[in-house]
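> got a sequence here, can you model it:
(2 chains)
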Amino acid sequence: MVTSTSRYAYIACDATKCIGCQLCEYICSYTKTGEYNTYRSRIRTVRVDEILITAVACRTCEDAPCVIACTRDALTQDPETGIISVNAERCDGCAWCIEACDFGAISINPATKMAEICDQCQDKEDGPQCVIWCPKDALELTTPDQRAQKARHKLIHEEVHGPR
Amino acid sequence: MYGYSGKILHIDLTTRKSWTEKKPEEWYKIYIGGVSMAARLLWENIKPGCDPLSPDNPICIANGMFAGTPVPVGGKYGLASKSPLTGFMGDSLSGSWFPVALKRTGWDGIVIHGASAEWVNVFIDDDRVMFRDARKLLGKGTFETEEAIREELLDDQVRSATIGPAGEKLVRFANVTNDGRQAGRTGHGAVWGSKKLKAVSVRGTKGVVVADPDTLMKLSFDITQQAQGPYTVKYRMLGTATNVLNMNKLGLLPTRNYQQGTFEMAEQVSGEYLEEHFKVKKIACAQCPIACEQVSAAKQGMYAGAMTGIEYECLYANGPNLGIGDLNAVIKLIDIADRGGVDAMSQGVTISWAMESFERGVFKKEDFKSAKYPDGFEPNFGNAEAAVALAEMIRDREGIGDLLAEGTRIASQRVDAERGTESYKWAMHIKGLECPGYDARGLKTFSVGLAVGTRGGCHNRTAAYDPDIQGEVNRFTIDETRGRVAAASEEYAAVYDTLPLCKFIRRCFTGKADRAGAWPTIAKLINATTGWNFGYDDVDLIGVRAHTIKKAFNIREGWTRADDYLPYRWHHDPMKEGASAGHVVTEEELEYLKDLYYEAKGWTKEGLIPKAKLIELGMPDVAEAIGV
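This next block holds a predicted model:
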């Protein structure tokens, strides 16, 4: 299984909570493009079968393969946040970044033919809009380490009080 | 125009041509979308009087006004053709990714004419229409077909509405499936099959443009939040299967082909039992924050591995109604229906008719021969193995399945004519559509709602069981108010079916599901989407118009007052036990209720619509055609 090695935060989806409603895609496309178009969302719901459902957005890998793969130096990664930005002047839609991404978290905007990557709504005061909208609290902006801490708490809770 | 493109796509399967029809904004204000627009498209494009399985019966798809926007539960579309079960209006609804993707192609609706010479998958790629060879998809189940098309087209954003093997074989209650959801009733799968149309696939990449996106976002966010609270708890937790014990208590749970209203094994097939032992996950349609679909799996015995969404109607039909108290078998039966592309309600009620016919000696063991059972089998009530065999035989039209695939009405008529029997007395259909999971003998307001329903035995187009069950009226008696209640109930439901919004959201606007509780917010949603200036009365008219166009269609197809009937059993066989024992709806009662209902609708005593009424509703051409 591919897992992110990131020390950075990213939008993680708890597949046990995700119902596949796709609201995150609506909110993302509206926030980022001003239109309702799930085709242009930077987070993608995935429904493998009736019960295997989740959502995937950029995992802010360290030494991100997409950045390395870009032949035109259009992608840069913020060393503080890990967020990857796309330089519209340089990107020519060649899709090497898409191939390099193990998570399938990058897509090409069908209108502009440019790569689009989740930026965690860093220009929004209240943070990622998909997290706010998710009706089942399946989405969270979190780091692997924070998730590990949470798992430990849950484990202790279960050992003492039994499974919830 | 906001919220719409103003364009209807016409596709002719015979000539493999397509063209665009432009509709004015005034047309949309009257017909809106969903079942109403689909019904109107059918009215405009069918050759009246045609055989439902002929090329003259078009497939009419009408998208929802809110599909592709964040309006909760607005990702739905309507589907209309002349029903091969009823010969009248066949209208169905389904939701999820298909309508959302369709919205992004920029087509408000699709009309598919003619019939293809070879099996075809129509692929609508934004503006383009392609006719793809579907021969290698033949025999594939519904879910499997969708996946195969995505793999063929190498794009997981392609969404498809498909038919299963049952539709290919023209099973009259075959349905159309998309994204694991069904446009379930009235036999659309057979219509598609008659045109050799295996699937309609869509890929839409365009944004949906609305008049006031910021307002729409705010309204949608609030409703989404409300949908996580007490107003949807029934649907989110146990799902509609919670009805099993309630209906059993009221003596209304159809058991052994409606011979009883209580089931001695109700506990073992209850929503609570399902939750505890079979539930795998709760999932949602696209654009829905509720997630009512209770995906359940059979875990033990010969049916282990069967898995599908379970809700009350399919459960009663294939459980208590067949005398089956093992949920493993019930899940298997519904799984066969969902994958085969069969209406699980009609499947259950047709099998229960066959079981009762067997127990009453109309059928013999040798009538039930198949490749798997060369000597035949004995389908007594409670025989799960026989029920599973029959479901598969119906899907494949094998042996007696070929007869049962015609539905209870045609099957009983044919058998009675051939054998001199009276199996029509336990054929549980109205207008040819098999009845739902509420016994109308103990729900008198509902009984007239069902009898007059434009699509036959359907609980979804009338909610008249509500006042009966809630105790607002005495459910065992009739009075002069019932016609009004039934009329108001179906028009209320038609508003939701036309926008369409899933009815499960109905309490999330203000906590109250009635018109006063819901219409003002719905008007705001409509206005933010379209830029119109709809008020309470305009929302109310949506339902009146939707119902009127469907009824007008039936009248043009030869409907008369005598077509508003109930099954023989509900008139003549009182139940012996349970809280509804001893009651029937007499023929006199029904005729009186029909009088009241037609009067409440402003129709003639014969149930016909006055010209003036149709003109008032903005349908002058309909007035010309069928008004009196």
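> what about residue 162, neighbour count?
Just so you know, I chose chain A. A:Gly162: 7 surrounding residues under other CB atoms under 10 Å in any protein chain shown. Quick note: C-beta positions are derived from backbone N, CA and C, even for glycine.
> that answer is for a different chain, and I need it for chain B
By other CB under 10 Å, neighbour count at B:Thr162 equals 29.
> quick check: bridge partners of it?
B:Thr177, B:Ala199 (DSSP bridges).
> tell me the contacts of it?
Counting by CB atoms under 8 Å, 6 or more residues apart in numbering or on different chains, B:Thr162 touches B:142, B:145-146, B:149, B:176-178, B:198-199, B:341.
> show me how far the helix or strand bottoming out on mean pLDDT in chain A is from its chain's centre.
Using mean pLDDT, DSSP states H and E, helix A:144-161 stands out as the lowest-scoring helix or strand of chain A, at a mean of 85. Distance of helix A:144-161 from its chain centroid, counting by CA atoms, centre = their mean, to the nearest Å, is 23 Å.
> and it, what's buried?
A:Pro144 (16 or more other CB atoms under 10 Å in any protein chain shown).
> only alpha carbons, please: show that helix as PDB.
The C-alpha trace of helix A:144-161 is given here as PDB (Å, rounded to 0.1, in the frame of the first residue of the first chain):
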ATOM      1  CA  PRO A 144       0.300  11.500   9.600                       C
ATOM      2  CA  ASP A 145       1.800  12.100  13.100                       C
ATOM      3  CA  GLN A 146      -1.400  13.700  14.300                       C
ATOM      4  CA  ARG A 147      -3.300  10.800  13.000                       C
ATOM      5  CA  ALA A 148      -1.000   8.400  14.800                       C
ATOM      6  CA  GLN A 149      -1.500  10.300  18.100                       C
ATOM      7  CA  LYS A 150      -5.200  10.000  17.600                       C
ATOM      8  CA  ALA A 151      -4.900   6.300  16.900                       C
ATOM      9  CA  ARG A 152      -3.000   5.800  20.200                       C
ATOM     10  CA  HIS A 153      -5.700   7.600  22.100                       C
ATOM     11  CA  LYS A 154      -8.400   5.500  20.600                       C
ATOM     12  CA  LEU A 155      -6.500   2.400  21.300                       C
ATOM     13  CA  ILE A 156      -6.100   3.200  25.000                       C
ATOM     14  CA  HIS A 157      -9.700   4.100  25.200                       C
ATOM     15  CA  GLU A 158     -10.700   0.800  23.700                       C
ATOM     16  CA  GLU A 159      -8.400  -1.200  25.900                       C
ATOM     17  CA  VAL A 160      -9.900   0.400  29.000                       C
ATOM     18  CA  HIS A 161     -13.500   0.900  28.100                       C
END
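> please report the residue range of the longest helix in chain B.
helix B:536-556 (DSSP state H).
> how about it: buried residues?
So, applying 16+ other CB under 10 Å, buried residues of helix B:536-556: B:538-556.
> let me know the closest of the contacts of B:Thr162 to B:Arg414.
B:Gly341 (23.5 Å; CB to CB).
> could you report the pLDDT at the residue sitting nearest the centre point of chain A?
Residue closest to the average C-alpha location in chain A (CA atoms, centre = their mean): A:Ala57, at 1.8 Å. pLDDT recorded at A:Ala57 is 96.
> for A:Thr3, same thing?
Reading off the model, A:Thr3 has pLDDT 53.
> same question for B:Ile124.
Taking B:Ile124 on its own, its pLDDT is 98.
> helix or strand for it, which one?
Using DSSP states H and E, B:Ile124 sits within strand B:120-125.
> does that strand come close to chain A?
No - looking at strand B:120-125 against chain A by CB under 8 Å from any CB of the partner chain, there are no contacts, and the closest approach is 11.5 Å.
> show me which residues of chain A sit near chain B.
A:19-23, A:26-27, A:29-30, A:33-40, A:46, A:49-51, A:53, A:110-111, A:133, A:135-136.
> now which of those would you call buried?
Applying 16+ other CB under 10 Å to the residues of chain A next to chain B flags A:19-23, A:26-27, A:29-30, A:33, A:35-40, A:50, A:53, A:133, A:135-136 as buried.
> which of the residues you listed fall in strands?
Judged by DSSP state E, these include A:Ile53 as members of strands.
> among the buried ones among the residues of chain A next to chain B, which lie within helices?
Per DSSP H, the subset of these in helices is A:23, A:26-27, A:29-30, A:33, A:133.
> and which of the residues you listed is nearest chain B?
A:Tyr26 (4.3 Å; CB to the nearest CB).
> pick out the residue of chain B closest to chain A.
For chain B, CB to the nearest CB, closest residue to chain A: B:Gly207, 3.0 Å.
> nearest residue to that residue in space, ignoring adjacent ones along the chain?
A:Glu35 (3.0 Å; CB to CB, 6 or more residues apart in numbering or on different chains).
> also B:Pro500?
B:Gly34 (3.7 Å).
> how many other residues sit next to A:Pro128?
Neighbour count for A:Pro128, taken as other CB under 10 Å: 26.
> any low-confidence regions in chain A?
Residues of chain A meeting the criterion pLDDT under 70: A:1-5, A:163-164.
> please repeat the previous calculation with a cut-off of 50.
A:1 (pLDDT under 50).
> before we move on, the earlier item: other residues contacting the next helix or strand after the longest helix of chain B?
Once the chain leaves helix B:536-556, the next helix or strand it forms, by DSSP H and E, is helix B:568-572. Residues from elsewhere that reach helix B:568-572 (CB under 8 Å, 6+ apart): B:258, B:424-428, B:439-441, B:447, B:584-587, B:590.
> buried only: go through the residues you listed for me.
Buried by 16+ other CB under 10 Å: B:258, B:424-428, B:439-441, B:447, B:584-585, B:590, out of the contacts of helix B:568-572.
> out of these, which sit inside helices?
B:447, B:590.
> what's the closest of the buried ones among the contacts of helix B:568-572 to B:Asp375?
B:Trp426 (26.3 Å).
> enumerate every residue touching that closest one.
B:Trp426 touches B:257-259, B:353, B:356-357, B:360, B:568-569, counting by CB under 8 Å, 6+ apart.
> same thing but 7 Å
B:257, B:353, B:356, B:569 (CB atoms under 7 Å, 6 or more residues apart in numbering or on different chains).
> next secondary structure after the helix or strand that contains the second one?
Spelled out, it's B:Trp353. Per DSSP H and E, B:Trp353 falls inside helix B:344-359. Next along the chain after helix B:344-359, taking DSSP H and E as the criterion, comes helix B:384-396.
> now the angle from that next one to helix B:344-359?
120 degrees (axes from the mean of the first three to the mean of the last three CA atoms, to 10 degrees).
> and helix B:384-396, how far from the chain's centre?
With CA atoms, centre = their mean, you get 22 Å for helix B:384-396.
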